[in-house]
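Asker: kindly generate the corresponding structure for this input.
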Amino acid sequence: EVQLVESGGGLVQPGGSLRLSCAASGFTFSNYAMAWVRQAPGKGPEWVSYISNSVGLINYANSVKGRFAVSRDNAKNTLYLQMNSLKSEDTAIYYCVRKFYTTYDYWGQGIQVTVSS
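Answerer: Here you go, the predicted structure:
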């Protein structure tokens with residue numbers, strides 16, 4: 001059974017940092033590209049970042065470019081998202097997502113990130 005479990009969210013002040021982790025199990029993690037997607041209150045899902053399976057290709061949404069950094073440790077079956085210089089508009093539920101060809105086929109349960117003073 002494919003499982004994606006996020007951790008590391010919480011409440012942080014504007015300008016602060018958080019590091020999200022996503023523990024993957026039930027599939028060969030190193031074979032799949034992964035992504036982070038977020039959903040703010042009252043809004044639709046927003047793609048945040050993508051990382052290929054071989055760590056050769058990384059992309060970011062313009063809204064987070066220069067502030068967020070995605071990485072993965074295939075030996076630990078874990079995906080990361082380092083978030084710096086956080087803004088109130090980064091407040092959202094963040095999802096770890098597996099990419100299968102052109103679709104995102106498995107999602108984690110999501111974790112809340114709240115940026116507020």
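Asker: report how many residues lie close to residue 5.
Answerer: Applying the criterion other CB atoms under 10 Å, we find 14 residues in the vicinity of residue 5. From N, CA and C alone the C-beta is placed, and that goes for glycine too.
Asker: what helix or strand is it on?
Answerer: Taking DSSP states H and E as the criterion, residue 5 maps to strand 3-7.
Asker: now that strand: average pLDDT?
Answerer: The average pLDDT within strand 3-7 is 98.
Asker: mind pulling up the pLDDT for residue 25?
Answerer: 98.
Asker: distance check, it against residue 37.
Answerer: 19 Å (CB to CB, to the nearest Å).
Asker: one more: residue 72?
Answerer: 16 Å.
Asker: ok so, going back, mind listing the strands the strand holding residue 5 pairs with, and their directions?
Answerer: strand 18-25 (antiparallel) (DSSP bridges).
Asker: what's downstream of the partner strand, the next helix or strand?
Answerer: With DSSP H and E, the next secondary element past strand 18-25 is strand 33-39.
Asker: contact partners of the helix or strand just after that following strand?
Answerer: As assigned by DSSP H and E, the chain's next helix or strand after strand 33-39 is strand 45-51. Strand 45-51 has contacts (CB atoms under 8 Å, 6 or more residues apart in numbering) with 33-40, 57-61, 63-64, 68, 70-72, 79, 81, 92, 94-95, 99.
Asker: give the contact list for the spatially most central residue of the chain.
Answerer: Within the chain, one residue has its C-alpha closest to the average C-alpha position: by CA atoms, centre = their mean, that is residue 36, at 3.0 Å. Residue 36 is in contact with 20, 47-49, 70, 79, 81, 94-97, counting by CB under 8 Å, 6+ apart.
Asker: please check the contacts of strand 45-51 and keep the buried ones.
Answerer: By neighbour count, with 16 or more other CB atoms under 10 Å, the contacts of strand 45-51 hold 33-38, 60, 64, 68, 70, 72, 79, 81, 92, 94-95, 99 as buried.
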